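[1] Build me a model from this:
(2 chains)
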Amino acid sequence: DVKVTQSSRYLVKRTGEKVFLECVQDMDHENMFWYRQDPGLGLRLIYFSYDVKMKEKGDIPEGYSVSREKKERFSLILESASTNQTSMYLCASSLVTPGKQYFGPGTRLLVL
Amino acid sequence: QQPVQSPQAVILREGEDAVINCSSSKALYSVHWYRQKHGEAPVFLMILLKGGEQKGHDKISASFNEKKQQSSLYLTASQLSYSGTYFCGTELESNTGKLIFGQGTTLQVKP
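    Sure thing, here's the model as predicted:
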């Protein structure tokens, strides 16, 4: 079964810190996604990637960047964390598009 | 651009039926449905491609009306395990995989 893992379940950071969220999938999926989930807003796409070193902006990329150096790993970077980036961050991967997305367990980030 | 789901919340007794709607103001290429239980990751239910598809497995099925730009999820004879938040994800452009999710519908099934 596909497994998507995220480096931390909970993270507390200070305003202005650089934050790295890591996501790894073990099924050789081409596509990987980063979402943030906030109550009442559903899941909103931050960035996605079709292949290694490829990235596309989602709906809310401001304040974020991503890195995909290896096919199985997709990192989300908060260059300078702000309190409005406190949220649940979910990573997902899929084999094809459109296709079933497999989600990781999420990282709950608190920025103080 | 975000699709609108209705209702926002619904409470059912075991065995009752429910319908969750997802409407978009834009033309859709595909509609995806996911269920998320409290504290867990969203889990895929099904994808419907444009062409007026209807799909189902077990007692959960869905339809996609391309002309009306909407999809409906049907839960029949609901079970306690159906409780959770249901999200529709809409794809506006073909083969991008880029989904815009609705705000979610919370379903609670009581014994």
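[2] Follow the chain on from the helix or strand of chain A with the lowest mean pLDDT and name the next helix or strand.
    Ranked by mean pLDDT, DSSP states H and E, the helix or strand of chain A with the weakest confidence is strand A:56-57, at a mean of 92. Helices and strands here follow DSSP states H and E; after strand A:56-57, the next one along the chain is strand A:64-70.
[3] strands paired with that following strand, and their directions?
    When pairs are called by DSSP bridges, strand A:64-70 turns out to pair with strand A:73-78 (antiparallel).
[4] Pull out the buried residues from the partner strand.
    A:74-76, A:78 (16 or more other CB atoms under 10 Å in any protein chain shown). In short, each C-beta sits where N, CA and C put it, glycine included.
[5] can I get the residues you listed in JSON lines with pLDDT?
    Supplementary listing: the buried residues of strand A:73-78 in JSON lines, determined by pLDDT from 0 to 100:
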{"residue": "A:74", "pLDDT": "97"}
{"residue": "A:75", "pLDDT": "97"}
{"residue": "A:76", "pLDDT": "98"}
{"residue": "A:78", "pLDDT": "97"}
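[6] Need those in a markdown table (columns: distance to residue B:94).
    Shown next, in a markdown table, are the buried residues of strand A:73-78 (distance: CB to CB, whole Å):
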| residue | distance to residue B:94 |
| --- | --- |
| A:74 | 23 |
| A:75 | 28 |
| A:76 | 26 |
| A:78 | 32 |
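[7] Show me what residue A:103 is bridged to.
    residue A:92.
[8] State the number of residues packed around the nearest residue to residue B:80 once chain neighbours are set aside.
    Spatial nearest neighbour of residue B:80, chain neighbours left out: residue B:109 (5.3 Å); criterion: CB to CB, 6 or more residues apart in numbering or on different chains. Using other CB atoms under 10 Å in any protein chain shown, residue B:109 has 20 neighbouring residues.
[9] Go ahead and confirm residue B:109 touches residue B:13.
    Yes. Here residue B:109 reaches residue B:13: they are 7.3 Å apart, a contact under CB atoms under 8 Å.
[10] Output the below-cut-off pLDDT ranges for chain A.
    Applying pLDDT under 70 to chain A picks out residues A:1-2.
[11] Near chain B, which residues of it are found?
    A:4, A:31, A:33, A:35, A:40-45, A:48, A:50, A:56, A:58-59, A:90, A:94, A:97-106 (CB under 8 Å from any CB of the partner chain).
[12] ok, which stretches of chain B are strands?
    Here chain B has its strands, by DSSP state E, at B:4-6, B:9-13, B:18-23, B:30-36, B:43-49, B:54-57, B:60-65, B:70-75, B:84-91, B:100-101, B:105-110.
[13] now the ones you listed in JSON lines, with mean pLDDT?
    Formatted as JSON lines, the strands of chain B follow (pLDDT from 0 to 100):
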{"stretch": "strand B:4-6", "mean pLDDT": "96"}
{"stretch": "strand B:9-13", "mean pLDDT": "96"}
{"stretch": "strand B:18-23", "mean pLDDT": "97"}
{"stretch": "strand B:30-36", "mean pLDDT": "95"}
{"stretch": "strand B:43-49", "mean pLDDT": "91"}
{"stretch": "strand B:54-57", "mean pLDDT": "70"}
{"stretch": "strand B:60-65", "mean pLDDT": "91"}
{"stretch": "strand B:70-75", "mean pLDDT": "94"}
{"stretch": "strand B:84-91", "mean pLDDT": "95"}
{"stretch": "strand B:100-101", "mean pLDDT": "94"}
{"stretch": "strand B:105-110", "mean pLDDT": "97"}
